[in-house]
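> Starting from these lines, generate the structure:
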Amino acid sequence: MARYIVRRLLWMIPVLFFISIVTFALAHAVPGGPFDREKPLPAEIVANLNKYYGLDQPLWKQYTDYIGLTRNPAGEFAGVLEGKFGPSYSSRSRTVNDIFRDHLPVSATLGLAALAIAVGMGVPLGVLAALKQNTFWDYLSMAVAIFGVSVPVIVLGPLFILIFALTLHWFPVAGWGRPSQMVMPSFALGLGSSAIIARLTRASMLQVIREDYIRTARAKGLSERMVIIRHALKNAFIPVATILGPMFAALVTGTFVTEQIFAIPGMGKYFITSITNRDYPVVMGTILLYAVFLVLANLVVDITYAFLDPRIQYE
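Below you'll find the predicted structure:
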């Protein structure tokens, strides 16, 4: 197992290197520049800014400056290899590291809460639907799942605000910092993911409970609860664990719509505005951060397989 983990971590290096090259090339291929405005800046100012940030250099030199293999002419910005993601062209008083430090914990907290709600709702609904197939509970569970998949956050968020904040006055309308302000955005964000998990859990459970080893466990006299929890659910959870890796990475790195609706100071807003403003360091840093979360989450998922199914070996 240890050898497998080390090998996967080493493979992460070329993966991130490839992602950085593709992202850098695509970001710079978009027309326009970081200092374009509706009211154009004087050419001298633009030239000085480009020189200061090294944007007047060839693309290969800009990339090596960003990675940290070389230094830009001003020599002021360390590279990613030193843990520095560079300056932000839009928020010039802050670096990308400052943005991550201030706003990533907010997005991560919201994402983890939404993921907990997604798993806490989706798995029981899926199990209930599978065990009560073609009954009222099955139809009800799948109706909730279909509702979660069909209704996007951009509709669900304002609906929650209208009902639970403006009408019932249970929660604040927006903002961040208090536990009561986490409830509505977490449920709005987690409901769609819970629907996906519920449908996948149902399909997997229906397949597992028809296997021979489940009939054998029942024939041995084990209680139905023990059969479901120890034998059926453990194996049925493998497909669910597979999607939890990408889902975790997507949720914790920021969701623009949810954060915008509930006025949450997370990473989603900065990522979207960085694309429109051609803020290359923020775009690069956010995507690389997402890639790191995705690779590590998938590694954790692969390790989890060995605990869910002892037949899986990594040596």
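
> Check which element follows the host helix or strand of Ala113 along the chain.
Using DSSP states H and E, Ala113 sits in helix 96-131. As assigned by DSSP H and E, the chain's next helix or strand after helix 96-131 is helix 136-150.

> Buried ones in that next one, by neighbour count?
For helix 136-150, the buried set under the neighbour-count rule, 16 or more other Cβ atoms under 10 Å, comprises Asp138, Ser141, Met142, Val144, Ala145, Gly148, Val149. Heads up, the C-betas are built off the backbone N, CA and C, glycines and all.

> Now render those as a markdown table, adding distance to Phe24 and pLDDT.
Output for those, formatted as a markdown table (distance: Cβ to Cβ, whole Å; pLDDT from 0 to 100):
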| residue | distance to Phe24 | pLDDT |
| --- | --- | --- |
| Asp138 | 49 | 83 |
| Ser141 | 45 | 83 |
| Met142 | 44 | 83 |
| Val144 | 43 | 82 |
| Ala145 | 39 | 82 |
| Gly148 | 37 | 80 |
| Val149 | 35 | 78 |
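
> Distance to Ile99 added to those, as JSON lines?
Listed next are these as JSON lines, based on distance: Cβ to Cβ, whole Å:
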{"residue": "Asp138", "distance to Ile99": "46"}
{"residue": "Ser141", "distance to Ile99": "41"}
{"residue": "Met142", "distance to Ile99": "41"}
{"residue": "Val144", "distance to Ile99": "37"}
{"residue": "Ala145", "distance to Ile99": "36"}
{"residue": "Gly148", "distance to Ile99": "31"}
{"residue": "Val149", "distance to Ile99": "32"}
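
> Just say helix, strand or coil for Tyr89.
Look at Tyr89: counting by DSSP: H, G, I helix; E, B strand; the rest coil, its state is coil.

> tally of neighbours for it?
20 (other Cβ atoms under 10 Å).

> Just the helices from this structure, written as ranges.
Remark: helices assigned in the chain by DSSP state H are 2-29, 43-53, 59-67, 96-131, 136-150, 153-160, 180-208, 212-219, 224-226, 233-252, 256-261, 267-276, 280-308.

> and those as TSV, adding distance to Asp36?
Shown next, in TSV, are the helices of the chain (distance: least, Cβ to Cβ, whole Å):
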stretch	distance to Asp36
helix 2-29	14
helix 43-53	9
helix 59-67	17
helix 96-131	20
helix 136-150	39
helix 153-160	29
helix 180-208	33
helix 212-219	63
helix 224-226	64
helix 233-252	30
helix 256-261	22
helix 267-276	11
helix 280-308	13
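
> so what's the nearest residue to Asn235 once chain neighbours are set aside scoring on pLDDT?
Spatial nearest neighbour of Asn235, excluding adjacent residues (Cβ to Cβ, 6 or more residues apart in numbering): Val208 at 5.1 Å. pLDDT for Val208: 82.

> State the number of residues packed around Val208.
Applying other Cβ under 10 Å, we find 20 residues neighbouring Val208.

> got a list of what it touches?
Val208 makes contacts with Ile214, Ala232, Asn235, Ala236, as judged by Cβ atoms under 8 Å, 6 or more residues apart in numbering.

> TSV please, covering those and showing pLDDT, distance to Phe293 and neighbour count.
As requested, the contacts of Val208 are exported to TSV (pLDDT from 0 to 100; distance: Cβ to Cβ, whole Å; neighbours: other Cβ atoms under 10 Å):
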residue	pLDDT	distance to Phe293	neighbour count
Ile214	78	35	17
Ala232	79	31	25
Asn235	79	27	19
Ala236	80	26	25
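
> Which of those residues lies at the shortest distance from Arg178?
Ala236 (37.3 Å; Cβ to Cβ).

> ok, the closest one touching Met205?
Yes - if you go by Cβ atoms under 8 Å, Ala236 and Met205 touch, sitting 4.5 Å apart.

> what sits in contact with each of these two?
In contact with both Ala236 and Met205: Val127, Ala130, using Cβ under 8 Å, 6+ apart.

> What separation is there between the residue most central in space within the chain and Ala165?
The residue lying closest to the centre of the chain (Cα atoms, centre = their mean) is Ala250, at 1.4 Å. Remark: distance between Ala250 and Ala165 (Cβ to Cβ, to the nearest Å) = 26 Å.
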